[in-house]
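Undergrad: okay, predicted coordinates and the sequence, questions at the end:
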Amino acid sequence: MFSKLLKRKQSITAPADPAVPTGTVVWAIGDIHGRLDLLVPLVDAIREDLRGAIATRKLVIFLGDYIDRGPHSRGVLEYLAELEPVDGIEWRFLKGNHEQTMIEFLDDPSVGVKWCEYGGDATLRSFGLRPPALKHRTEGWTHLSADLNYKVSSKMRAFLDAQELSITVGDYFFAHAGARPGELLDRQSAEDLLWIRRSFLDSSTEFDRIVVHGHTPTAEVYADQRRVGIDTKAYESGILTALRLSGRERSVMQTIAPSDNSGAQPEDILVRTAHLSAPSE
């Protein structure tokens with residue numbers, strides 16, 4: 001079918017009234033970046049919602065970037081690796097570019113300088129480690145990679161290695177960063193799914209599904225006829241966002257830290273929900 005469409009040079013258009021299959025409830029959680037304080041109450045609220053949901057499939061998709069920049073990357077990895085499929089909930093985990101770089105550093109110490117340039121130093125500190133003072137000395141990174149390998153549990157490593165690149169549910173395609181315009185969604189490269197930015201964001205080319213993604217932070221949830229972006233820069237803004245999909249209905253839930261965004265206790269976290277308009281509204 002797709003080959004015929006391409007030969008006829010017919011453009012692919014996204015569904016005007018996107019939906020997930022009947023009986024399915026999907027939650028997608030944006031970039032966490034070490035904010036365990038925001039993650040736990042958000043997951044608790046999602047669990048409560050799904051307990052009361054009349055659904056044959058209850059799916060929670062994490063969009064990646066669990067680590068770096070925020071203060072509790074180790075705690076986030078431990079928490080996610082321990083999630084169990086109780087109450088009929090299916091937990092799915094996408095890989096973000098930050099997880100990809102951490103995995104590379106565990107196997108190749110030379111990646112350390114690059115990783116720490118965009119937040120890896122915060123992850124190292126959460127494991128009780130710190131970058132070498134002399135960044136050009138390869139032996140320092142070699143020792144640090146070995147130390148991190150020792151501190152990363154087998155369960156945590158299995159969690160990192162098992163992450164997916166994309167998930168499709170009904171009229172929605174979930175990926176960490178987005179997708180390459182002009183390329184079919186089932187033919188996207190790992191590089192684009194993990195790293196793409198401007199060529200995806202700035203394009204008007206539609207896909208045959210709505211792309212739900214993180215990776216590029218915005219102050220508010222972004223939604224149009226092509227994509228829904230739910231990275232609200234949790235590590236800095238103190239706002240972690242999740243998108244709920246049920247039939248054609250779309251809503252957003254956010255956990256919000258106090259304005260000073262420091263040392264928040266569970267009772268200080270605000271949970272807020274709102275309707276998200278469909279593209280045709």
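TA: Okay, I see it.
Undergrad: what residue is smack in the middle of the protein?
TA: Nearest to the mean C-alpha position of the chain, by C-alpha atoms, centre = their mean, lies Leu63 at 2.1 Å.
Undergrad: so what's that one up against?
TA: Shown in contact with Leu63 (C-beta atoms under 8 Å, 6 or more residues apart in numbering): 28-31, 94, 96, 174-176, 212-215, 230-231. C-beta: built from backbone N, CA, C; applies to glycine.
Undergrad: closest to Arg187 among those residues?
TA: Using C-beta to C-beta, Ala175 comes nearest to Arg187 of the contacts of Leu63, at 12.8 Å.
Undergrad: the strands in the stretch 51-200 of the chain, which residues?
TA: Using DSSP state E, counting those that start in this stretch, the strands of the stretch 51-200 of the chain run over residues 57-62, 89-93, 166-169, 172-175.
Undergrad: point out the most buried one among those strands.
TA: Most buried of the strands of the stretch 51-200 of the chain, by mean neighbour count (mean count of other C-beta atoms under 10 Å): strand 172-175, with a mean of 26.
Undergrad: count the neighbours of the residue nearest to Thr123 when sequence neighbours are not counted for me.
TA: Nearest residue to Thr123 in three dimensions, chain neighbours excluded: Ser73, at 4.1 Å (C-beta to C-beta, 6 or more residues apart in numbering). Counted by other C-beta atoms under 10 Å, the residues lying close to Ser73 total 28.
Undergrad: contacting residues for Ser73?
TA: Taking C-beta under 8 Å, 6+ apart, one finds His33, Gly34, Tyr66, Ile67, Ala122, Thr123, Ser126, Phe127 in contact with Ser73.
Undergrad: repeat for Thr218
TA: With C-beta under 8 Å, 6+ apart, Thr218 has these contacts: Gly229, Asp231, Thr232, Lys233.
Undergrad: in TSV, list the residues you listed along with distance to Glu117.
TA: Below are the contacts of Thr218 laid out as TSV (distance: C-beta to C-beta, whole Å):
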residue	distance to Glu117
Gly229	24
Asp231	19
Thr232	23
Lys233	18
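Undergrad: which of the residues you listed lies closest to Ala81?
TA: Asp231 (21.8 Å).
Undergrad: tell me the SS of that closest one?
TA: coil (DSSP: H, G, I helix; E, B strand; the rest coil).
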